[in-house]
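In: Attaching a predicted model along with its sequence, questions to come.
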Amino acid sequence: MTASSASRVQKHRDALRANGLRPVQIWVPDTRNAAFAQECQRQSRLLAKDPHEAQAIAWAEAAAALTPGWV
């Protein structure tokens with residue numbers, strides 16, 4: 001990063017802070033990782049057997065049907 005681009009970035013960050021914002025770093029799962037896909041499949045298999053999950057899906061589908069554009 002050149003000095004001018006670094007100063008522009010700093011100016012932008014200072015303006016955001018002046019508007020009451022603050023930077024936050026968020027760590028999220030790496031969806032490109034094969035282990036992520038495997039864990040999703042594992043959890044999906046567990047939920048497929050859960051009667052509470054079926055009730056939750058039915059409720060969500062009914063709610064979505066009442067909201068135009070969600071289905």
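Out: Okay, I see it.
In: show me where pLDDT drops low in this structure?
Out: 1-2, 71 (pLDDT under 70).
In: residue closest to the middle of it?
Out: Nearest to the geometric centre of the chain sits V28, at 8.0 Å (Cα atoms, centre = their mean).
In: Roughly how far does that one sit from E53?
Out: For V28, the distance to E53 equals 24 Å [Cβ to Cβ, to the nearest Å]. Where you see a C-beta, it was placed from the backbone N, CA and C, and this is true even at glycine.
In: Please apply the same query to W59.
Out: On the measure of Cβ to Cβ, W59 and E53 end up 11 Å apart.
In: higher neighbour count, those two?
Out: Applying other Cβ atoms under 10 Å to W59 and E53 shows that E53 carries more neighbours, namely 13 against 10.
In: residues contacting that one?
Out: L47 (Cβ atoms under 8 Å, 6 or more residues apart in numbering).
In: Quickly note the distance from it to Q43.
Out: Taking Cβ to Cβ, one finds E53 at 10 Å from Q43.
In: ditto for G20
Out: For G20, the distance to Q43 - Cβ to Cβ - is 38 Å.
In: Could you check which of the two has the larger neighbour count?
Out: For the pair G20 and Q43, the greater number of neighbours falls to Q43 (10 against 6), based on other Cβ under 10 Å.
In: To what extent is R13 buried, counted in neighbours?
Out: R13: 13 neighbours (other Cβ under 10 Å).
In: Work out for me the element the closest residue to T31 other than its chain neighbours sits within.
Out: Of all residues not flanking T31 in the chain, A37 sits nearest, at 8.0 Å (Cβ to Cβ, 6 or more residues apart in numbering). A37 is part of helix 34-48, with elements assigned from DSSP states H and E.
In: Just want the angle from the helix or strand following that helix to helix 34-48.
Out: Using DSSP H and E, the helix or strand that directly follows helix 34-48 along the chain is helix 51-65. Angle of helix 51-65 versus helix 34-48, following axes from the mean of the first three to the mean of the last three Cα atoms, to 10 degrees, is 90 degrees.
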